[in-house]
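# I'll drop the sequence and a predicted model, then ask my questions.
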Number of protein chains: 2
Amino acid sequence: MAVVFARRMDNLDDSDTREILKLTERPEVISFAGGLPAPELFPVEELKKVSEAVLEEGGIQALQYSTTQGYLPLRQKIAERMNSKFYTKVNHENIIITSGSQQGLDFTAKLFLNEGDIVLCESPTYLGAISAFKAYRPDLIEVPTDAYGIIPEELEKILSSKNNVKFIYVIPDFQNPTGKTWSVERRRKFMEIVNKYEIPVLEDNPYGELRYDGQIPPSIKSMDEKGLVIFLGTFSKIFCPGLRIGWVAAQKELIDKYATVKSCSDVHTSNMGQREIVKFMEMYDIEENIERIKFLYRARRDSMIKTMEEEFPKEAKFTYPEGGLFTWVELPQNINARDVLIKSLENNVAFVPGGAFYPNGGNENSFRLNFSNMSEDRITKGIKRLGRVLKEYLCNI
Amino acid sequence: MAVVFARRMDNLDDSDTREILKLTERPEVISFAGGLPAPELFPVEELKKVSEAVLEEGGIQALQYSTTQGYLPLRQKIAERMNSKFYTKVNHENIIITSGSQQGLDFTAKLFLNEGDIVLCESPTYLGAISAFKAYRPDLIEVPTDAYGIIPEELEKILSSKNNVKFIYVIPDFQNPTGKTWSVERRRKFMEIVNKYEIPVLEDNPYGELRYDGQIPPSIKSMDEKGLVIFLGTFSKIFCPGLRIGWVAAQKELIDKYATVKSCSDVHTSNMGQREIVKFMEMYDIEENIERIKFLYRARRDSMIKTMEEEFPKEAKFTYPEGGLFTWVELPQNINARDVLIKSLENNVAFVPGGAFYPNGGNENSFRLNFSNMSEDRITKGIKRLGRVLKEYLCNI
């Protein structure tokens, strides 16, 4: 049979990970593996009124084809919120609406990458970005990081020796998977190097507003003097993911290119969904909604970290995330977290082994834990159980 | 500045077409250029009740992340409807939900194409498919067609001489742009050749249910014995396009591949939108809705064709579409429809010049007319005006 797939499909075999994740979904398992928001905070009742109002005021327009760049009032509102939260200076012309920020990752790769081009990323980095990029067959080069972000000297070493780096992918706020946040000084040093080499930067910021301690630091985009930074945002974590509404913010010339890509990929994002988000922001206070989310997640993070401090063996090092949805555990070098997961599943507790977050493999001695999607009781119970597994496992090695 | 885009972006320059389309959007212009459904038939009031019911019965699930393949009851319903309308034998495992059928076009190209691979298509073919495919830089080879569809001998000639044909793209029902429908005999001959060479077929069927005369013929998919046919469907024309809900129907192994592509492209399609369509089909009769659409479009087609018969010069040949949204006009070889459009816009009437529908250019002596989006009065007025322009233009050549 002459059915032959594109070479890219060889890069996208996720069957291993999917098999693991299936195991974590058994109802008796306390799973820290996912990254879902807490559904109990979704504004279901409000959305009933919102969708009625959208249909009442502009039903015909909401159900018709629409512009590729997205619903103007939504783009205006996003620009306004970005400027007030992340110190940027963007307007509606700098925004295109995407179907979730995963689509922003895909489109960036589609816009920039030929086979064999180089993308730089943090080490480790977001799994969903790795698969989005791999579909375009680049070389993913991991830049070493420390507690403050990408190490500038390491970045410069790579940029000065490689000439087909197409963009640098970073998650400076509550990184997925590590939960780390870049320091302001590190952001500035990073942008100095970026401006020197004039390489586009993809700043992925899905969790920035979910900060439980201190103030939101200036975004990389706010330090962008040469129009090099492309910012990805989403309503998935501050509102709800089921509507699939995200955005790309960049200089207008780049947004035009994203519109060309979007036009041939899926024409435009659900018009109803876009209008529902605007109408929600008109009828209700999204900031209040975000405060509720932060209050809940802060308590869950605190429970998780506190229990980890009490119950984890001292060889397990973990990050204290100032926001976002995850913490990250590093075990001694000789331990493989995939093996720990097998033991852990026998005790009905699950996580994502860290190896998957390293695009070039290795680093199997780490794992990611999610705290947004579970009650404090269940978090405490699960972490205690995991602590016992770890202690036992480390003893027997 | 080191901002360098992928080679594919060179293939996607649509600025010419966009400039033309902008002109057609002036309010005084009677434009037959678009392809929009009639918004007055969108079930706005029904959708108010539908979205409330979706949120009432499963609001939390509707707003949370969901499975990549799509909402199970929607996939079941689609399979059932396909089998009853298009004589297929598919079930929910053969269906994946996409964000409109444009995404099905994009994903098919992403799944199959390396640079330089060959895609066969009808000549002319759908503009949106041309751009979706071109983003993956294939060679698009046009297969000659006649009144009954692709000419089997011409298809076989190409297949027997080329060895990297990845798939064949066809629109057998009320083709966009020509409005032509393949005969049943032609479908069978086509599938004989396809089965012999075992080449995947992408059957695009956005309008099949909008048939104004006679019976729906068996789909190509219904003649698929070797699991080679991939069927694209959409709710955009039988319900509304603003929700962006389409689907791919194919053998399960292929659907798994599409799921891998979708997972790294945009995770899943709007969960609210998917559930709203299912709920609409539970609470109301979508078949009745389709009958209303057919009644309206049939009258509009009849007005357009009748006026064309009366007012167009005899040198202008056009198709009689048995359904769908378009008719297609061919002028004498030496006439360029882009020049006619300039004259036509001076008289405030617009259409899409046909050259854009030929992936390899040429054939500038044709144009496409849409009849779904305008009242009969306006159609008659616009076609009369266009008739005068054509007569005058042809006289002066």
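Nice, thanks for sending it over. A quick note: this is a predicted structure, and the numbers were derived from the prediction, not measured.
# from the chain's centroid, how far away is stretch A:164-175?
Here stretch A:164-175 is found 11 Å from its chain centre; the criterion is CA atoms, centre = their mean, to the nearest Å.
# what about that stretch, start to end distance?
The straight-line separation of the ends of stretch A:164-175 (CA to CA, to the nearest Å) is 26 Å.
# buried stuff in that stretch?
Using 16 or more other CB atoms under 10 Å in any protein chain shown as the burial criterion, the residues of stretch A:164-175 that qualify are A:165-175. To be clear about C-beta, it is placed using only N, CA and C from the backbone, and glycine gets the same treatment.
# state the mean pLDDT of that stretch.
The average pLDDT for stretch A:164-175 rounds to 97.
# close to chain B, is that stretch?
Yes: Stretch A:164-175 is in contact with chain B by CB under 8 Å from any CB of the partner chain, via A:165-166.
# circling back: restricted to strands, list the buried residues of stretch A:164-175.
In strands, judged by DSSP state E, the following of the buried residues of stretch A:164-175 are found: A:165-170.
# looks like A:Gly58 contacts A:Met272 (just checking).
No: counting by CB atoms under 8 Å, A:Gly58 does not reach A:Met272; the two are 10.3 Å apart.
# and those two? which has more neighbours close in?
The residue with more neighbours, out of A:Gly58 and A:Met272 and counting by other CB atoms under 10 Å in any protein chain shown, is A:Met272; that gives 26 against 16.
# nearest residue to the more buried one in space, please, no chain neighbours.
Spatial nearest neighbour of A:Met272, excluding adjacent residues (CB to CB, 6 or more residues apart in numbering or on different chains): A:Ala62 at 5.1 Å.
# and if you look at A:Pro217?
Take A:Pro217 and drop its neighbours on the chain: the residue closest to it by CB to CB, 6+ apart is A:Val184, 5.1 Å away.
# burial measure for the one you found, as a count.
13.
# confidence score at it?
97.
# ok, it touching A:Gln215?
No: applying CB under 8 Å, one finds A:Val184 not in contact with A:Gln215, separated by 10.2 Å.
# OK, contacts around A:Met281?
Contact analysis of A:Met281 by CB atoms under 8 Å, 6 or more residues apart in numbering or on different chains lists A:Lys77.
# please enumerate the helices of the stretch 51-200 of chain A.
For the stretch 51-200 of chain A, the helices defined by DSSP state H, counting those that start in this stretch occupy A:72-86, A:101-112, A:127-134, A:152-161, A:184-197.
# what of the stretch 201-350 of chain A?
In the stretch 201-350 of chain A, the helices defined using DSSP H, counting those that start in this stretch lie at A:252-265, A:271-283, A:286-311, A:337-346.
# which one of those helices is the most hemmed in?
Highest mean neighbour count of the helices of the stretch 201-350 of chain A: helix A:271-283, a mean of 22 (counted as mean count of other CB atoms under 10 Å in any protein chain shown).
# quick one: mean pLDDT for that helix?
Helix A:271-283 shows an average pLDDT of 98 in the prediction.
# also stretch A:314-324?
Mean pLDDT, stretch A:314-324: 97.
# list the buried ones in that stretch?
Residues of stretch A:314-324 classed as buried: A:316, A:318-319, A:321-324 (neighbour count, 16+ other CB under 10 Å).
# as TSV, the helices of the stretch 201-350 of chain A with distance to B:Lys196 would be great.
Output for the helices of the stretch 201-350 of chain A, formatted as TSV (distance: least, CB to CB, whole Å):
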stretch	distance to B:Lys196
helix A:252-265	32
helix A:271-283	44
helix A:286-311	59
helix A:337-346	47
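# A:Pro241 and chain B, how far apart?
A:Pro241 sits 5 Å away from chain B, going by CB to the nearest CB, to the nearest Å.
# for that residue, which non-adjacent residue is spatially closest?
The shortest distance from A:Pro241 to any non-neighbouring residue, by CB to CB, 6+ apart, is to B:Tyr65 (4.8 Å).
# now A:Ser372
With sequence-adjacent residues excluded and distances taken as CB to CB, 6+ apart, A:Ser372 is closest to A:Leu325, at 4.3 Å.
# quick one: low-confidence ranges for chain A?
For chain A, the stretches flagged by pLDDT under 70 are A:1, A:14-18, A:20-21.
# out of the buried residues of stretch A:314-324, who's nearest chain B?
Of all those, A:Gly324 has the smallest distance to chain B: 16.4 Å, by CB to the nearest CB.
# that closest one contacts A:Pro177, doesn't it?
No: A:Gly324 is beyond contact range of A:Pro177, at 10.1 Å (criterion: CB under 8 Å).
# near chain B, which residues of the stretch 251-397 of chain A?
A:254, A:257, A:260-261, A:263-273, A:276.
# switch to 10 Å and redo it
Contact residues, the stretch 251-397 of chain A versus chain B (CB under 10 Å from any CB of the partner chain): A:251, A:253-254, A:256-257, A:259-276, A:373.
# still on that earlier bit, so who does the residue nearest to A:Pro241 touch?
Residues in contact with B:Tyr65 (CB atoms under 10 Å, 6 or more residues apart in numbering or on different chains) are A:34-37, A:39, A:100, A:236, A:240-242, A:244, B:267-268, B:271.
# quick check: phi and psi at A:Glu209.
Torsion angles at A:Glu209 (phi, psi; degrees, to the nearest 10) stand at phi -80, psi -10.
# tell me the contacts of the spatially closest residue to A:Leu120 that is not a sequence neighbour?
Spatial nearest neighbour of A:Leu120, chain neighbours left out: A:Ile168 (4.4 Å); criterion: CB to CB, 6+ apart. Residues near A:Ile168 by CB under 10 Å, 6+ apart: A:118-122, A:141, A:143, A:150, A:155, A:158-159, A:190, A:193-194, A:197, A:199-203, A:220, A:228-229.
# now list the buried members of those residues.
Listed as buried from these are A:118-122, A:141, A:143, A:150, A:155, A:158-159, A:190, A:193-194, A:197, A:199-203, A:220, A:228-229; burial here means 16+ other CB under 10 Å.
# what touches both of A:Gly324 and A:Pro177?
A:35, A:171, A:370.
# pull the contacting residues for the residue most central in space within chain A.
The centre of chain A sits closest to A:Pro206, judged by CA atoms, centre = their mean, with a distance of 5.2 Å. Taking CB under 10 Å, 6+ apart, we find A:Pro206 in contact with A:35, A:100-102, A:104, A:126, A:128, A:171, A:173-174, A:176, A:232-238, A:241, A:246, A:324-325.
# list phi and psi for it.
Per-residue torsions, A:Pro206: phi -80, psi -20 (degrees, to the nearest 10).
# beta partners of the closest residue to it other than its chain neighbours?
Nearest non-adjacent residue to A:Pro206, counting by CB to CB, 6+ apart: A:Thr234, 5.0 Å away. In this entry, A:Thr234 is beta-bridged to A:Gly246, by DSSP bridges.
# hang on, A:Thr234 packs against A:Gly128?
No: judged on CB atoms under 10 Å, A:Thr234 makes no contact with A:Gly128 at a distance of 11.5 Å.
# what sits in contact with each of these two?
A:100-102, A:204, A:206.
# now the buried members of these.
Among the shared contacts of A:Thr234 and A:Gly128, those classed as buried by 16+ other CB under 10 Å are A:100-102, A:204, A:206.
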